[in-house]
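Asks: Build me a model:
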Amino acid sequence: MAKYKVIPQGYMTVGEVAKKMGVTVRTLQYYDKEGLLAPSAESEGGRRLYTDKDLIILHQIISLKSLGFSLSDIKERLISLDMPADVANALTEQANDIRKKMEQLSVSLTAIEQLRTEVLQMQTVDFKKYADIIVNLQMNNEYYYLIKKFDDDTLDHIRCRFDRESGLAFMDRFNRLSDEILQLQKENVPPESEKCQQLTKTYWDLIVEFTNGDMSMLPKLMEIGNFENAANEWEEKQAIIGAYLEPALGIYFSSIGVNPFEEIQDE
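Replies: Residues are numbered from 1 along each chain as shown. As a prediction, the model looks like this:
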């Protein structure tokens, strides 16, 4: 690197370059340290000196960085690319990366807006529930909003009882069973019929599986499952199923000689 006693014509100090290009002196020092842009010369007093050619390289760095290229990419690949096809390929890769980031940001934006709605409806600050809602939004679980109906004990039970995979699998089984029961209701199949009683048993087995046999959870589940004021199609469906299954469950409990709901009320 050439050294000069005084700053010759055509050279600029780091401060002048920073001001001209709208960057900080610290940024230029960092680019020099990382091997992205070294000054063309240096004064005897140690001042870095840049030329117009350096400004062109700096403009290239700033422009590519604004497109989302990492400094590593700029240093290792982009500045040294000479063939138009090579540059085009690099830009294509970057465009694909940006599309992925846009998709991720779009999902995050939707989650933020949905969480905001739930926060306002909950009317209390509960970061534990917020975290559960966020996790379920990330899982694309469309029933995430039900979380605000659960109390802390029920949520703790769910966290311990299910992981991401088993939780989604359980909801899938529940919804498929719900569709079968709803079809019986539409066909006016009587609750005492063998077909209805078989599905009623399966429905009850799912409840027992969910509670892990802890029948003290039933009152909470009944409260959560009260969809008299249904807010959407899924809740409307559950309200219909609940009304249809009520007598069917009574018949089923009578057949096995046990009624968990009555036992809880007697306690």
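Asks: now stretch 168-181: mean pLDDT?
Replies: Across stretch 168-181, pLDDT averages out at 90.
Asks: Oops, could you answer that again for stretch 202-216 instead?
Replies: 89.
Asks: List the neighbours of that stretch that are in contact with it.
Replies: For stretch 202-216, contacts defined as Cβ atoms under 8 Å, 6 or more residues apart in numbering pick out 157, 161, 170, 173-174, 177, 181, 217-218, 221, 245, 249, 252, 260, 263-264. C-beta coordinates here come from the backbone N, C-alpha and C atoms, glycine included.
Asks: Which of those residues fall in strands?
Replies: Assigned to strands by DSSP state E, none of the contacts of stretch 202-216 qualify.
Asks: Quick one: the helices in this structure, in order.
Replies: Counting by DSSP state H, the chain has helices at residues 14-21, 25-33, 52-66, 71-73, 84-122, 127-138, 152-161, 164-186, 194-211, 218-224, 233-256, 260-266.
Asks: and the fourth one, what does it pack onto?
Replies: Contacts defined by 3 or more Cβ pairs under 8 Å, 6 or more residues apart in numbering; DSSP states H and E place helix 71-73 against helix 52-66.
Asks: Number of residues surrounding residue 157?
Replies: Using other Cβ atoms under 10 Å, the number of residues around residue 157 comes to 18.
Asks: ok, it - contacts?
Replies: Residue 157 makes contacts with 211, 212, 214, 217, as judged by Cβ under 8 Å, 6+ apart.
Asks: and the second one, how many residues sit next to it?
Replies: Around residue 212 there are 10 other residues, counting by other Cβ under 10 Å.
Asks: backbone phi and psi for it, please?
Replies: Per-residue torsions, residue 212: phi 60, psi 30 (degrees, to the nearest 10).
Asks: Residue 157 versus that one, what's the distance?
Replies: For residue 212, the distance to residue 157 (Cβ to Cβ, to the nearest Å) stands at 8 Å.
Asks: before we move on, what about residue 9?
Replies: 78 Å.
Asks: for residue 52, same thing?
Replies: Counting by Cβ to Cβ - residue 52 and residue 157 are separated by 69 Å.
Asks: cool, residue 230 as well?
Replies: Separation of residue 230 from residue 157 (Cβ to Cβ): 25 Å.
Asks: Same question for residue 228.
Replies: Residue 228 is 25 Å from residue 157, by Cβ to Cβ.
Asks: Could you export stretch 105-124 as CSV, CA atoms only?
Replies: Extracted C-alpha coordinates of stretch 105-124, given in CSV (Å, rounded to 0.1, in the frame of the first residue of the first chain):
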residue,chain,number,x,y,z
LEU,A,105,-42.5,-13.1,7.8
SER,A,106,-46.0,-13.5,6.4
VAL,A,107,-46.6,-16.4,8.8
SER,A,108,-45.2,-14.5,11.7
LEU,A,109,-47.3,-11.4,10.8
THR,A,110,-50.4,-13.6,10.8
ALA,A,111,-49.5,-15.1,14.1
ILE,A,112,-48.9,-11.7,15.7
GLU,A,113,-52.3,-10.5,14.5
GLN,A,114,-54.0,-13.6,15.7
LEU,A,115,-52.3,-13.4,19.1
ARG,A,116,-53.2,-9.8,19.4
THR,A,117,-56.9,-10.7,19.0
GLU,A,118,-56.6,-13.4,21.6
VAL,A,119,-54.8,-11.1,24.0
LEU,A,120,-57.6,-8.6,23.8
GLN,A,121,-60.2,-11.2,24.3
MET,A,122,-58.5,-12.8,27.3
GLN,A,123,-58.4,-9.3,29.0
THR,A,124,-55.7,-10.6,31.4
